[in-house]
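A.B. asks: Structure of the sequence below:
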Amino acid sequence: MPKILLVAVNAKYIHTNIAVRYLKKYAEHHYNIDRDVIETCEYTINNTTDYILENIAKKKPDMLCFSAYIWNIEMLKCIADDFKRIFPDVPIFFGGPEVSYDAKKFLEENSFADGVMAGEGENSFGMLCRAFLLKEPLFNVKSLIFRDNITKKIISNPMAEPTDMALLDFPYSDDFSDAGNKILYYESSRGCPFNCQYCLSSVEKGVRFRPLDLVFKDLKRFLDYKPRQVKFVDRTFNCNKKHAMAIWKFLKENDNGYTNFHFEMSADLLDRECTDFLADVRAGLFQFEIGVQTTNEKTADTICRTASFERISDVVKILSKPKNIHLHLDLIAGLPFENYNSFRKSFNDVYALKPHQFQLGFLKLLKGSGLNRDADRYGIVSSAKAPYEVLKTNELNYFEIMKLKDIEDTVEIYYNSTKFTYSVAMLSSREKTPFDFYEKFAEYRRENGFFDINTTRYALFDILYDFACTRSISDEEDILLKELMLFDLCRHEKPKKLPDCLTDTMRSPYKRDEILENYKDESFVKEHLPSLQGKDAKYIHRVAHTEYFCAAAKDICGQSGEIGVVFDYDRRDITSNAHYDILY
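C.D. replies: Okay, the predicted model is just below:
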């Protein structure tokens, strides 16, 4: 039996590729391709090209198809080139956003590729499989751009109609054996009503929705399986309020108490009815990614971002108040008319909203996007190779972008990890603005070579403390900082080992007897450590932790004087920080 191999190379091991799953199921269901003919296989960019090549070769495909994105295209070209040299008679096809918008040029530059499936691939791939198996010519395969074997000319077939989302099968296997303990992706709509000039979605016109009755069936499968997280890949999930609210209500009513659902959102589209509803959902049920991108009005207008930052800010504050939805806010560096100082302002504006995750991205000149087309107008120069990241603009020089990259790395480690929340809050408040703190801290890390070495999680505390010492902290601030660092450490893990800067900071060793007495008290355990009820005190002492704070009490709970804090490591939030209770 012939074998058609669909290959995905994901950015991380924890990711799954939804595209190859849809292609396989659609071809089997709507083009009568035997289920044993098509095989999907997934790798990551951390695998070597030699490993992937050998693994693919051992599967002995008769036709090979790659799912191409900016993060994997360079690897895929190397793999496909070598594979073609070894197996010259095996046709190789590419699909995905990285090859859809300049398919002819891609084929001209890469002789190992026999064709490209442009745009949405379900119908194109199904037709291609049928033509290959029946040995039919490729002229009738819609959306296919291919190299004719006889004339060697590149032929562009007419595009297929957009896929009817009602015809898509649930992408995962019935028992989720193809998913493992990974993030699962899902889409309830395709397209985007907006025209953001840095995004490929601006090329597509209109939005198509999967019928809600089918969405509910799909979501029920996820809820029954109980994965850690399901990410909707809808470009703007709430562009249709009725559709979004119906899904949110279904998820609230059928909540399994565990799974988190992630959505890419436009905050300005949320009205009072939406925010009132969202205020009452389980903490951890929803996670929203809100693209701010810039707070510079001229920049926002140029890239066709119509929502005002004032409106976004108001909605984010409303969503933040109940503390039940994990909020990610995004900025993009390298946009037109945004210089270093303008980006500083955008950074401080968004940071003031205290998002759970603050994602700093750098403009990528995606093929087919408006900014790719108009790059010369704005002096945007990007790398020639994927992911085509910005190198300089009319407003930002190369060295400023490199500084922002150091700041981005520092934010990722010391803010987004949530391992330094309280200590960083204290130190950043001492600077004129949060940006000034991260800028100076990033410079300190660069000057001392900390970007060039692997650093243990304990050393990260020492680096932060050593930097603080260069900022002329008082003896009182020194004591406070050390307690806040200890609190940050205890939130994330039981402190069996301490960073050098926190030696002799813990009070718990001197209160061991008091702590053990508490752990023997059934009512205490029931109230503060419910997951450990029925366990003996010594066992609880090994797996939970009680620590005492004085200088940091006000920062931790708003009250002065010594407090005890009980950390329950069996109960963690979505950022993996332990649940804790205050003992007055």
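A.B. asks: where along the stretch 1-150 of the chain do the helices fall?
C.D. replies: With helices called from DSSP state H, counting those that start in this stretch, the stretch 1-150 of the chain shows them at 18-30, 49-59, 73-86, 97-100, 103-109, 122-134.
A.B. asks: And the contacts of the longest one?
C.D. replies: Helix 73-86 is touched from outside by 7, 9, 45, 49, 52-53, 56-57, 64, 66, 68, 90, 92, 94, 98-99, 110-113, 385-386, with contacts defined as CB atoms under 8 Å, 6 or more residues apart in numbering. Yep, even glycine has a C-beta here, placed from its N, CA and C like the rest.
A.B. asks: swap in the last one?
C.D. replies: Residues outside helix 122-134 that contact it (CB under 8 Å, 6+ apart) are 2, 4, 22-23, 26-27, 30-33, 37-38, 62-63, 65, 91, 93, 95, 115, 117-118, 136-138, 140-144, 160-161, 163, 167-168.
A.B. asks: one more time with 7 Å, if that's ok
C.D. replies: 2, 4, 22-23, 26-27, 30-31, 33, 38, 63, 93, 95, 117, 138, 140-144, 160, 163 (CB atoms under 7 Å, 6 or more residues apart in numbering).
A.B. asks: And the chain, split by domain according to the record?
C.D. replies: For the chain, the structural domains run 4-156, 172-396, 415-504, 507-583, going by automatic domain parsing.
A.B. asks: can you put those in CSV and add mean neighbour count?
C.D. replies: Listed next are these as CSV, based on neighbours: other CB atoms under 10 Å:
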stretch, mean neighbour count
domain 4-156, 19
domain 172-396, 18
domain 415-504, 17
domain 507-583, 16
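A.B. asks: Redo the helices of the stretch 1-150 of the chain as TSV? Include distance to residue 496.
C.D. replies: Output for the helices of the stretch 1-150 of the chain, formatted as TSV (distance: least, CB to CB, whole Å):
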stretch	distance to residue 496
helix 18-30	40
helix 49-59	36
helix 73-86	40
helix 97-100	46
helix 103-109	53
helix 122-134	52
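A.B. asks: Quick one: closest of those helices to residue 490.
C.D. replies: Closest approach to residue 490 among these (CB to CB): helix 18-30, 38.3 Å.
A.B. asks: Okay, angle between the closest one and helix 122-134 too, please.
C.D. replies: Counting by axes from the mean of the first three to the mean of the last three CA atoms, to 10 degrees, helix 18-30 lies at 60 degrees to helix 122-134.
A.B. asks: what sits up against helix 18-30?
C.D. replies: Contacts for helix 18-30 (CB under 7 Å, 6+ apart): 6, 8, 33, 35, 38, 40, 67, 96, 121-122, 125-126, 129, 167-169, 171-172, 185, 233.
A.B. asks: Residue 100 is in contact with residue 119, correct?
C.D. replies: Yes: Residue 119 lies in contact with residue 100 (CB atoms under 7 Å); the separation is 5.6 Å.
A.B. asks: How about the contacts made by residue 298?
C.D. replies: For residue 298, the contact set (CB under 7 Å, 6+ apart) comprises residue 337.
A.B. asks: Show me the shaky parts of the protein.
C.D. replies: Residues of the chain meeting the criterion pLDDT under 70: 201-204.
A.B. asks: close enough to count as contact, residue 351 and residue 434?
C.D. replies: Yes: look at residue 351 against residue 434 with CB under 7 Å: they come within range, at 4.5 Å.
A.B. asks: quick one, longest strand in this protein?
C.D. replies: Assignment by DSSP state E gives strand 563-572 as the longest strand of the chain.
A.B. asks: Partner strands of it, with direction?
C.D. replies: strand 545-549 (antiparallel), strand 578-583 (antiparallel) (DSSP bridges).
A.B. asks: Quick one: closest of the ones you listed to residue 324.
C.D. replies: strand 578-583 (14.5 Å).
A.B. asks: looking at the helices of the stretch 1-150 of the chain, which is closest to residue 413?
C.D. replies: For the helices of the stretch 1-150 of the chain, the distance to residue 413 is smallest for helix 73-86, at 26.3 Å, taking CB to CB.
A.B. asks: what about that closest one, distance to the chain center?
C.D. replies: 27 Å (CA atoms, centre = their mean, to the nearest Å).
A.B. asks: what's the longest helix along the chain in contact with?
C.D. replies: If you go by DSSP state H, the chain has its longest helix at helix 475-492. Contact with helix 475-492 is made by 419-423, 426, 461, 465, 468, 473, 495, 501-502, 505-506, 545, 547, 549, 551-552, 555-556, 567, 576-578, 580, as judged by CB under 7 Å, 6+ apart.
A.B. asks: what about that helix, distance to the chain center?
C.D. replies: 30 Å.
A.B. asks: ok and the helix or strand following that helix relative to strand 545-549, angle-wise?
C.D. replies: The helix or strand immediately downstream of helix 475-492 is helix 512-520, counting by DSSP states H and E. Counting by the same axes, to 10 degrees, helix 512-520 lies at 130 degrees to strand 545-549.
A.B. asks: what separates helix 512-520 from the chain centre, distance-wise?
C.D. replies: With CA atoms, centre = their mean, you get 42 Å for helix 512-520.
A.B. asks: right, and the helix or strand after it?
C.D. replies: Downstream of helix 512-520, the first helix or strand assigned by DSSP H and E is helix 522-528.
A.B. asks: following that following helix, which helix or strand comes up?
C.D. replies: For helix 522-528, the following helix or strand on the C-terminal side (DSSP H and E) is helix 537-543.
A.B. asks: And that next one, what does it pack against?
C.D. replies: If contacts are counted by 3 or more CB pairs under 7 Å, 6 or more residues apart in numbering; DSSP states H and E, helix 537-543 sits against helix 512-520.
A.B. asks: Can you tell me which helices and strands the helix it packs on packs against?
C.D. replies: Here helix 512-520 touches helix 537-543, going by 3+ CB pairs under 7 Å, 6+ apart.
A.B. asks: ok, and what's touching the helix it packs on?
C.D. replies: Helix 537-543 is touched from outside by 515, 516, 519, 520, 525, 529, 532, 569, with contacts defined as CB under 7 Å, 6+ apart.
A.B. asks: Extract the CA atoms of it and return them as PDB.
C.D. replies: C-alpha atoms of helix 537-543 as PDB (Å, rounded to 0.1, in the frame of the first residue of the first chain):
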ATOM      1  CA  ALA A 537       2.800  15.700  60.500                       C
ATOM      2  CA  LYS A 538       6.300  14.700  59.400                       C
ATOM      3  CA  TYR A 539       5.100  13.800  55.900                       C
ATOM      4  CA  ILE A 540       3.300  17.200  55.600                       C
ATOM      5  CA  HIS A 541       6.400  18.900  56.800                       C
ATOM      6  CA  ARG A 542       8.300  17.300  53.900                       C
ATOM      7  CA  VAL A 543       5.900  18.300  51.100                       C
END
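A.B. asks: what's the offset of that helix from the middle of its chain?
C.D. replies: Taking mean C-alpha positions (CA atoms, centre = their mean), helix 537-543 and its chain are 36 Å apart.
A.B. asks: and if you look at stretch 275-290?
C.D. replies: 18 Å.
A.B. asks: Among the contacts of helix 18-30, which are located in strands?
C.D. replies: 6, 8, 38, 40, 67, 185.
A.B. asks: Quick check: the farthest pair among those residues?
C.D. replies: 38 and 185 (19.3 Å).
A.B. asks: quick one: the helices in the stretch 301-450 of the chain?
C.D. replies: With DSSP H, counting those that start in this stretch as the definition, the stretch 301-450 of the chain shows helices at residue ranges 309-320, 340-351, 370-373, 398-411, 421-429, 434-447.
A.B. asks: who wins for proximity to residue 327 among the ones you listed?
C.D. replies: Shortest distance between residue 327 and the helices of the stretch 301-450 of the chain, using CB to CB, is found for helix 309-320: 6.3 Å.
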